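Trainee: Next comes the sequence, and after it the predicted model I'd like to discuss.
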Amino acid sequence: MKYLIFRSDRIGDFLITSPLIQCIKRNDKNHSIEIVCSPKNFDFIKNLNIVNKIHVLKKNNFISKLNLFFKLKKKFYDTIIVSDKKNRSIVISLFLKSKIKIFNVSKLFTYKFLKFFYKNVFLDNDKILKTN
């Protein structure tokens, strides 16, 4: 199965996702794991050597984002996981082809909007969860 994971933040945040990647590798022998990361954690992920392919999503470079989008758009993924809660990652993933999409979001509006179309949407925001 082909997986695409968005984790375009810092090294510590990627480390939180690494057990998920290890679990996928352990349970799916035919895995192909691609990750979308930031320039800040590219070298770290590359040296870990736990993913098959790394894509860099530059923060303030529109042309780079567009190039990455069209590169990913050509592929089909079995599962796309947006674990970084970034709007840019969510928007890009909405237009990519996959069987399953999993979203981790921090804004209530985003949660309600995505929940209308997808079943695998998880709200991760302590302030909102305490008030509801």
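Mentor: That came through fine.
Trainee: going forward, measure contacts between C-alpha atoms and count neighbours the same way
Mentor: Noted.
Trainee: just the strands in the protein please.
Mentor: 2-7, 32-37, 53-56, 76-82, 97-105, 121-123 (DSSP state E).
Trainee: could I get the ones you listed as JSON lines with mean pLDDT and distance to residue 88?
Mentor: As requested, these are exported to JSON lines (pLDDT from 0 to 100; distance: least, CA to CA, whole Å):
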{"stretch": "strand 2-7", "mean pLDDT": "97", "distance to residue 88": "10"}
{"stretch": "strand 32-37", "mean pLDDT": "96", "distance to residue 88": "11"}
{"stretch": "strand 53-56", "mean pLDDT": "95", "distance to residue 88": "13"}
{"stretch": "strand 76-82", "mean pLDDT": "97", "distance to residue 88": "10"}
{"stretch": "strand 97-105", "mean pLDDT": "96", "distance to residue 88": "12"}
{"stretch": "strand 121-123", "mean pLDDT": "94", "distance to residue 88": "16"}
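Trainee: Can you tell me which helices and strands the longest helix along the chain packs against?
Mentor: Secondary structure assigned by DSSP state H gives helix 11-27 as the longest helix of the chain. On a contact count with 3 or more CA pairs under 8 Å, 6 or more residues apart in numbering; DSSP states H and E, helix 11-27 meets strand 2-7, helix 39-48.
Trainee: if you compare those, which one is most tucked away?
Mentor: strand 2-7 (a mean of 24; mean count of other CA atoms under 10 Å).
Trainee: and residue 69, how many neighbours?
Mentor: Residue 69: 18 surrounding residues under other CA atoms under 10 Å.
Trainee: Now do the closest residue to it other than its chain neighbours: how many residues are near it, please.
Mentor: Nearest-residue entry for residue 69: residue 92, 6.5 Å, with adjacent residues in sequence omitted and distances by CA to CA, 6 or more residues apart in numbering. Residue 92 has 18 neighbours, counted by other CA under 10 Å.
Trainee: for residue 26, same thing?
Mentor: If we define neighbours as other CA under 10 Å, then residue 26 has 11 of them.
Trainee: Centre of the chain to stretch 105-121, how far?
Mentor: 15 Å (CA atoms, centre = their mean, to the nearest Å).
Trainee: just to revisit the earlier point, send me the longest helix of the chain as PDB with only the CA atoms.
Mentor: Written as PDB, here are the backbone C-alpha positions of helix 11-27 (Å, rounded to 0.1, in the frame of the first residue of the first chain):
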ATOM      1  CA  ILE A  11      11.800  17.500  14.200                       C
ATOM      2  CA  GLY A  12      10.100  16.900  17.600                       C
ATOM      3  CA  ASP A  13       6.700  16.800  15.800                       C
ATOM      4  CA  PHE A  14       8.000  14.300  13.300                       C
ATOM      5  CA  LEU A  15       9.300  12.100  16.200                       C
ATOM      6  CA  ILE A  16       5.700  11.900  17.400                       C
ATOM      7  CA  THR A  17       4.700  10.500  14.100                       C
ATOM      8  CA  SER A  18       7.600   8.100  13.800                       C
ATOM      9  CA  PRO A  19       5.800   5.300  15.800                       C
ATOM     10  CA  LEU A  20       3.000   5.400  13.300                       C
ATOM     11  CA  ILE A  21       5.400   5.000  10.500                       C
ATOM     12  CA  GLN A  22       7.100   2.100  12.300                       C
ATOM     13  CA  CYS A  23       3.700   0.500  12.900                       C
ATOM     14  CA  ILE A  24       2.900   0.800   9.200                       C
ATOM     15  CA  LYS A  25       6.200  -0.800   8.200                       C
ATOM     16  CA  ARG A  26       5.700  -3.600  10.700                       C
ATOM     17  CA  ASN A  27       2.100  -4.500   9.600                       C
END
